[in-house]
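Undergrad: Pasting a predicted model and its sequence here:
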Amino acid sequence: MFTEGWVEFKDRRIAKAVARSLNGQILGGKKRGYYHDDLWNIKYLRKFKWGHISEKLAYEKAAREQKMRTEISQAKKEANFYIENVEKSKVIDAIEKRKGKKHKMVDSQSELNKNLKAAKVVNKEFRQRKVVRDAERKTMAGKSQSISSSVLSKVF
C-alpha cells in the first residue's frame, strides 16, 4: 500500500534537514492503530521542479489511455471474429440441412430399389471342378515328374 506524495519548501536547507530527520522514522500513533508500524520514506530531490511532476503524470496518463485503447480495439476484433464465425456456422448448418433433405430423398429412392431387387431373387449356379480320387492323383503326379525329368535332362 505505497502512497506517493510531494512537499515543497521555500528554503532548500529546511527541505534537506526535514528529509534527513524524517527518513526511516516510524509514523507512530496509537499502538493498535493502522499506521503505528509504518515508516516514512523521504528523499530530497535535487534540481527538481514541479513541472517534472506534471510532465510525468501527463505521460503516465497518456500511456494508460493508449493501453486502454489497444485493449478495447483487441476486444472489438475478438468480438467481430466471433460474430463472423457464428454467422458462418449458421450458413454451413443451413447448407447441411438442405443437403440432408436431398440425401433423405435419394436414400428413400435407393431403399425402394433395394426392396425391388430383393423381391427378384436370382439363383446363380457356379461351375465346380470334379473331385479327383487319390489313385488318379498319384498317376497324375507320376506323369508330371516324368515330364519334368525329361525336360530337365534335355536342358542339362
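TA: On my side now, so go ahead.

Undergrad: Now do the SS call for residue 48.
TA: coil (DSSP: H, G, I helix; E, B strand; the rest coil).

Undergrad: pretty sure residue 88 is in a helix, no?
TA: Yes: judged by three-state DSSP, residue 88 forms part of a helix.

Undergrad: And the helices in this protein, which stretches?
TA: Per DSSP state H, the chain carries helices over the ranges 12-22, 50-119, 134-155.

Undergrad: Flag every buried residue along the first one.
TA: In other words, helix 12-22. By 16 or more other CB atoms under 10 Å, the buried positions in helix 12-22 come out as 15, 19. To be clear about C-beta, it is placed using only N, CA and C from the backbone, and glycine gets the same treatment.

Undergrad: again, but for stretch 55-69
TA: Within stretch 55-69, no residue is scored as buried using 16+ other CB under 10 Å.

Undergrad: With just CA atoms, put it into CSV.
TA: The C-alpha trace of stretch 55-69 is given here as CSV (Å, rounded to 0.1, in the frame of the first residue of the first chain):
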residue,chain,number,x,y,z
GLU,A,55,5.0,16.0,-17.2
LYS,A,56,5.4,12.6,-15.6
LEU,A,57,1.8,12.5,-14.6
ALA,A,58,0.7,13.5,-18.1
TYR,A,59,2.9,10.9,-19.7
GLU,A,60,1.6,8.1,-17.4
LYS,A,61,-2.0,9.2,-18.1
ALA,A,62,-1.3,9.1,-21.9
ALA,A,63,0.3,5.7,-21.5
ARG,A,64,-2.7,4.3,-19.6
GLU,A,65,-5.1,5.7,-22.2
GLN,A,66,-3.1,4.2,-25.1
LYS,A,67,-3.1,0.8,-23.3
MET,A,68,-6.8,1.1,-22.8
ARG,A,69,-7.4,1.9,-26.4
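
Undergrad: quick one: average confidence on that stretch?
TA: Here stretch 55-69 scores 93 as its mean pLDDT.

Undergrad: So, low pLDDT: which residues of the protein?
TA: 1-2, 29, 34-36, 103-109, 112-123, 132-156 (pLDDT under 70).

Undergrad: again, only using 80
TA: Along the chain, the model assigns pLDDT under 80 to residues 1-7, 25-41, 47-53, 100-156.

Undergrad: How about the contacts made by residue 13?
TA: By CB atoms under 8 Å, 6 or more residues apart in numbering, the contact list for residue 13 is empty.
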